[in-house]
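Novice: no sequence on this one, just coordinates:
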């Protein structure tokens, strides 16, 4: 019977168990609380129903009771807070060597660019057991990347990158839903996440015949757009040498220091005057309207590749335990 | 101030003092203005309810087959806007608060009677803009107006809807302002703050939120309108704007707004529970303080609507923590109401049934708020039917039931008639059953992963949606019944005495319906609120 | 505190029926205006918040944008408004002293100052429009961080626009009061409307006092 009337979503990621555990704890706690209060009310309403000649007892209150039922709930709430924050922290700390998938959301479809070069629309293939980090932006309005079976959701914003990560734990096909109302076909902006065994994933990946990796595409753009004329590999250029820049602090001309993460690189291409590197003039032209979001992703991937970061391809296994920090988390 | 021997319908009172449409449209009597509001918000309730019914009909099947996607998007948008701004926010304050606050504090009227009338006209003006929006094609931004969708990507009547809400917001601000000055300055001699009925405290706390929060919504909507008309770019990422700025500004009002909606209801419940348990409230000081605490803390938690919006990890943790704090005073109130019933003398009148329903359903809704405040869980359930179920439990299971409790409790005072008790109880039961059937399945749908604002949905969600729609039709029947029997009672109901419930409170010491200026002589108050110890001696406890 | 005593014959004709004394009526109306002004603070507050956020994110653009303000127009306007608040206070003082003619004169001068402010503002707006400094509709900027400068100007137009709107409302309000004063409605026992109009006027003035440095004086190094 429950085949057609599911009452619980599938568990297919490293987060699902933790989230479900907290959820079940809360269900139990709140269920017991409801039961207690409803029982008491029912008893009172029957036991103390109006009867002739029996008067109500005027009770002003009880400080002791008030403090008890203030601080005990507060204590319980704080425990829930700590537990849930731990899960949230984990959800927002992608491991350093995660495989990366660039996502561009638009009304009303999901476009995925794997760093190895495959492109998908509304379907996302990932290998089981591999950390995957989604670097996402929107071409138009706010969308939200939601995979119920993974228990993850992250809004996808125009104008900047946001990140979600997961490690799929069970092969299968799972719903992908847009979860932020985005216009007419919001409810049609859905797809599938296809989790495959590693060797099946390798087969799928090699069958795709991509035109080179995303970083290769980025390198091509870097040349065709003329970026390399100012951003040379020596110190003679009108723009900074970009080797080794990604992921490191950058000193700006107004004295601020920022980290060169994906959002910084993106902003530097679209609105270069906003943050000018110390020692350089604000002469870089803007590329807003000239590069698409997908091309921006390729450029970001290329600049990342100039920094000796691990390859981050989904086809390679996790390199280290998923505990370390990452350049980009949501600010 | 003994009960007059002349039947109420023949004695001069605020209803029959003057006749004619202009005597109503130009009135400054707070009681008449309350009735003007009663008619207006009931009208909007049924409009909002009609949209809800259409939504639930569409959701009977997974495919979008009843209406087009754009139409459905307009349905849920306008359902939300009408219900929030034209029903829930004004309901208890503008109807019951307007009617009762001056009487409860021993005054002849509110501090600013003409501003009160202006408030109503602003409400009507806002309502007119809303009707214009609805009738000329509607708006489909979602009631939350998120940018850049609302500013750059839709060509529906966004500015008209924003103006409608802006004007209605002004109405809300003026009502709040009136209440604050009235409660501060117009209390009768002896009516100290600690003798005020909790209904007055609740409306006072609400008024503070209305006055501080609504203007922020006003400017936010204005900026959206400016962006649409003049293409300014404050929220447009292509011009350097930040869509998250909109969300912060919007939720800075809209979270406290939910407390505007619920606090007056809590005030009603305190009055009803004490009256029908014939007992003073348990922990008066804590109850009053809890109202103020909710109002204050309510301003500090807005970004719990934005946990996955792209705010920083640390900001999210701060808002989660504060959200747990704001849950505490609500819990205290539930415990205190329950304790009030201990060793009481309880009767099961219609208002009491609604109040009991409130306590149960508000508790469930409030507890599910704990789930949403939990960061790790919110990631999964935000923007799903879980949130919809949560806020409907509080808004409908809580607030609408409290409003019904108040309307029935004070109906004899306002109309001079008793409503038919068995019909009242029947409607309460139908509403309770219909409500739970509509919204409980939505918690399950939410955790399963059905997102909100979905015109079409994955087939495995159908059975739960069908249950929900079935509940909605039952709920609709439950709402229509009071419309019928309350109207019926205005003509054929048993004439009411001054104090049909033998309840405590200044409002029960004057005639039903009251005279235009409420009191023959300004009373001097020497008793505490809910002085049932004195009342129980005078009047035998037998009904 | 009964009001059905024969003392009714001696009460001020301006006493409204629901108040028990002029004192209560006056306190209530003053409190009412203060609460209203708090709502106005919250209204402008939303814009000030947005301003602060973007200023933090685009400080260089804020510097550049501020250089494009017409410093002397803004400064003269500030002086004009301060003078208008002075004449407003003098009007209230005249009301306290029951000097009908002086009330009218001071209120009229206040209105004149208000109109002067609006006139100068209109000229400023015209100049900005000529220079294509209206984001979205008529915009042409070739310096660095055009998006940031565009945001600065968006706030300039929105904040001064809403301020000007409140000036218009204020002038309207003061005009009504002037007319009533001319008709002799106010005396030393009843001048409440003059007082609370004064409160409103001062508030609109104070908003400008904040706007002026935030828009015109961002690290301005030269005139």
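Specialist: Here it is on my side, so go on. From a predicted model like this one, the values you see are computed outputs, not experimental measurements.

Novice: can you name the residues bridging to residue A:190?
Specialist: Residue A:190 has the following beta-bridge partners by DSSP bridges: residue A:177.

Novice: now do it, the pLDDT please.
Specialist: As predicted, residue A:190 sits at a pLDDT of 96.

Novice: residue A:315 too?
Specialist: On pLDDT, residue A:315 comes in at 59.

Novice: residue ranges in chain C under the pLDDT threshold?
Specialist: Low-confidence segments of chain C (pLDDT under 70): C:1-10, C:220-223.

Novice: mind doing that once more with 50?
Specialist: Low-confidence segments of chain C (pLDDT under 50): C:1-9.

Novice: and the helices in it?
Specialist: Using DSSP state H, the helices of chain C run over C:22-57, C:59-67, C:71-96, C:100-130, C:146-182, C:192-216.

Novice: closest to residue B:307 out of those helices?
Specialist: Closest approach to residue B:307 among those (Cβ to Cβ): helix C:22-57, 19.4 Å. Heads up, the C-betas are built off the backbone N, CA and C, glycines and all.

Novice: all strands for chain A, in order.
Specialist: Applying DSSP state E to chain A gives strands spanning A:99-106, A:109-114, A:119-121, A:123-127, A:131-138, A:143-147, A:152-156, A:162-167, A:172-178, A:190-196, A:249-251, A:257-259.

Novice: burial check on the closest residue to residue C:129 other than its chain neighbours, number of neighbours?
Specialist: Spatial nearest neighbour of residue C:129, chain neighbours left out: residue C:138 (6.2 Å); criterion: Cβ to Cβ, 6 or more residues apart in numbering or on different chains. Using other Cβ atoms under 10 Å in any protein chain shown, residue C:138 is surrounded by 14 other residues.

Novice: residue C:138 and residue B:174: what is the separation?
Specialist: Here residue C:138 is placed at a distance of 37 Å from residue B:174 (Cβ to Cβ, to the nearest Å).

Novice: and the strands of chain A as a markdown table, adding mean neighbour count?
Specialist: Listed next are those as a markdown table, based on neighbours: other Cβ atoms under 10 Å in any protein chain shown:
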| stretch | mean neighbour count |
| --- | --- |
| strand A:99-106 | 25 |
| strand A:109-114 | 21 |
| strand A:119-121 | 14 |
| strand A:123-127 | 20 |
| strand A:131-138 | 25 |
| strand A:143-147 | 27 |
| strand A:152-156 | 26 |
| strand A:162-167 | 25 |
| strand A:172-178 | 20 |
| strand A:190-196 | 20 |
| strand A:249-251 | 13 |
| strand A:257-259 | 12 |
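
Novice: could you dump those strands to TSV with distance to residue B:375?
Specialist: Formatted as TSV, those follow (distance: least, Cβ to Cβ, whole Å):
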stretch	distance to residue B:375
strand A:99-106	23
strand A:109-114	25
strand A:119-121	30
strand A:123-127	25
strand A:131-138	19
strand A:143-147	16
strand A:152-156	12
strand A:162-167	14
strand A:172-178	20
strand A:190-196	23
strand A:249-251	29
strand A:257-259	24
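
Novice: who wins for proximity to residue A:280 among these?
Specialist: Of all those, strand A:249-251 sits nearest to residue A:280, with 10.7 Å by Cβ to Cβ.

Novice: identify the residues contacting that closest one?
Specialist: A:257-260, A:264, A:275, A:277-278 (Cβ atoms under 8 Å, 6 or more residues apart in numbering or on different chains).

Novice: to residue B:260, which of the strands of chain A lies closest?
Specialist: So among the strands of chain A, strand A:152-156 is nearest, using Cβ to Cβ, at 26.7 Å.

Novice: what packs against the closest one?
Specialist: Where contact means 3 or more Cβ pairs under 8 Å, 6 or more residues apart in numbering or on different chains; DSSP states H and E, strand A:152-156 is packed against strand A:131-138, strand A:143-147, strand A:162-167, helix B:375-381.

Novice: how about the biggest helix by length in chain B and chain A, touching?
Specialist: Secondary structure of chain B per DSSP H: the longest helix is helix B:243-277. Yes - contact between helix B:243-277 and chain A, assessed by Cβ under 8 Å from any Cβ of the partner chain, occurs at B:243-244, B:277.

Novice: that helix and chain C, are they touching?
Specialist: Yes - using Cβ under 8 Å from any Cβ, helix B:243-277 comes into contact with chain C via B:245, B:248-249, B:252.

Novice: and stretch B:152-169, by the same measure?
Specialist: No - figure legend: stretch B:152-169 not in contact with chain C (Cβ under 8 Å from any Cβ); closest approach 10.1 Å.

Novice: from the middle of its chain, how far away would that stretch be?
Specialist: Here stretch B:152-169 shows a centroid-to-chain-centroid distance of 22 Å under the convention Cα atoms, centre = their mean, to the nearest Å.

Novice: so what's the model's average confidence on it?
Specialist: So the average pLDDT for stretch B:152-169 ends up being 96.

Novice: same question, stretch A:224-232
Specialist: Rounded mean pLDDT across stretch A:224-232 is 92.

Novice: re the thing from before, and the helices and strands packed on strand A:152-156 as CSV, adding mean pLDDT and distance to chain C?
Specialist: Formatted as CSV, the helices and strands packed on strand A:152-156 follow (pLDDT from 0 to 100; distance: least, Cβ to the nearest Cβ, whole Å):
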stretch, mean pLDDT, distance to chain C
strand A:131-138, 96, 17
strand A:143-147, 98, 22
strand A:162-167, 97, 17
helix B:375-381, 97, 24
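
Novice: quick one, which of the ones you listed is nearest to residue B:90?
Specialist: Comparing those against residue B:90 with Cβ to Cβ, the closest turns out to be helix B:375-381 (30.1 Å).

Novice: what's the closest one in contact with?
Specialist: A:15, A:18-19, A:22-23, A:26, A:83-88, A:90-91, A:148, A:151-154, B:304, B:307-308, B:316-317, B:320, B:371-372, B:387, B:446-447, B:449.

Novice: now the buried members of those residues.
Specialist: The neighbour count (16 or more other Cβ atoms under 10 Å in any protein chain shown) marks A:15, A:18-19, A:22-23, A:26, A:83-85, A:87-88, A:90-91, A:148, A:151-154, B:304, B:307-308, B:316-317, B:320, B:371-372, B:387, B:446-447, B:449 as buried among those.
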